[in-house]
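K.L.:
Can you look at this prediction? I've put the sequence above it.
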Amino acid sequence: MIILVTGAGGPTGQAVAGYFRKNGHTVLGVGRDDVDLLDRAAVQALADRISAEHGHVDGVVHLVGGWRGAKSFAETSLDDWDALHDLLIRTLQHVSLAFEPLLRKSQNGRFVIVSAKAAEHPTAGGAPYAAAKAAAEAWTLALADALKDTGSAAVILVVKALVNDAMRAARPDARFTGFTDVNTLAEAIGDLYDRPAAQLNGTRLDLTQ
């Protein structure tokens, strides 16, 4: 399979890319220094190159993330909203618009985003983050509607937060209760290929349960 991983330079991206490579798939990793995902033309050019080389993609795992928050609702900075809009929504829009045609050509494709419980239960100080995650989910569900008559599916995976080995090493006394390990996330993404696309398309799978 041909798997595109955006946000591939971070610990989560490395875990997901490593999982698919280990299982014999071709991974196209895109990090911050490779393509500016805020540049619509650059993302389209990436899609065009992949189309010319491979003809389709079997997976787009969009892992560009970020978090900002405030001590209280009234102290929320709309600069945080602007930043999170770009990170969590605009990059998703560019990637999904460019790669939807390539997913349509796959016999068993998956488009995956990682959302957060915060989208369901926003906190007073986390309004920009929760709103951006909710918007990203809605956009992904629209993509799912576009893919409903194809062999591909758009899926939302929900976590409380993610944890990796570097975080554990930096905070050896922290318990990270309810967090999802990045390797567990990678396996969950891989497991999506074991279920029919029609069964998965437009679903929101909670990894905290």
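P.N.:
Nice, thanks for sending it over.
K.L.:
List the residues that contact the residue nearest to Leu87 when sequence neighbours are not counted.
P.N.:
Distances taken as C-beta to C-beta, 6 or more residues apart in numbering put Gly66 closest to Leu87, at 4.2 Å, once the chain neighbours are dropped. Quick note: C-beta positions are derived from backbone N, CA and C, even for glycine. The contact partners of Gly66, taken as C-beta atoms under 8 Å, 6 or more residues apart in numbering, are 83-84, 87-88.
K.L.:
And Tyr19, by the same measure?
P.N.:
183, 186-187, 189-190.
K.L.:
Kindly indicate which of these lies nearest Phe99.
P.N.:
Nearest to Phe99, judged by C-beta to C-beta, of these is Ile189 at 15.9 Å.
K.L.:
which stretch of helix or strand covers that closest one?
P.N.:
In the assignment (DSSP states H and E), Ile189 maps to helix 182-191.
K.L.:
Need the contact partners of that helix.
P.N.:
With C-beta under 8 Å, 6+ apart, helix 182-191 has contacts from 11-12, 14-16, 18-20, 23, 59, 61, 110, 112, 114, 157, 159, 162-164, 205, 207.
K.L.:
And for stretch 90-105?
P.N.:
Against stretch 90-105 from outside (C-beta under 8 Å, 6+ apart): 4, 6, 37-40, 43-44, 46-47, 50-51, 55-57, 60, 62, 64, 109, 111, 113, 136, 139-140, 143, 146-147, 150, 152, 154.
K.L.:
Check the offset of it from the chain's centre.
P.N.:
12 Å (C-alpha atoms, centre = their mean, to the nearest Å).
K.L.:
So which bits of that stretch are buried?
P.N.:
Buried residues in stretch 90-105, counting neighbours by 16 or more other C-beta atoms under 10 Å, are found at 90-96, 98-100, 102-103, 105.
K.L.:
average pLDDT for it?
P.N.:
Across stretch 90-105, pLDDT averages out at 98.
K.L.:
Give me the next element, helix or strand, following the lengthiest helix in the chain.
P.N.:
Longest helix in the chain by number of residues (criterion: DSSP state H): helix 127-146. Once helix 127-146 ends, the next helix or strand along the chain (criterion: DSSP H and E) is strand 153-159.
K.L.:
what is the orientation angle of that next one with helix 127-146?
P.N.:
150 degrees (axes from the mean of the first three to the mean of the last three C-alpha atoms, to 10 degrees).
K.L.:
To what extent is Arg49 buried, counted in neighbours?
P.N.:
11 (other C-beta atoms under 10 Å).
K.L.:
roughly how far apart are it and Leu38?
P.N.:
18 Å (C-beta to C-beta, to the nearest Å).
K.L.:
just Pro128 next, same as before
P.N.:
Pro128 sits at a distance of 17 Å from Leu38 (criterion: C-beta to C-beta).
K.L.:
Just want to know which of the two has more residues nearby.
P.N.:
Pro128 (24 against 14).
K.L.:
pLDDT (mean, whole number) over the helix or strand that the helix holding Ile189 is followed by?
P.N.:
For helix 182-191, the following helix or strand on the C-terminal side (DSSP H and E) is helix 197-200. Here helix 197-200 scores 96 as its mean pLDDT.
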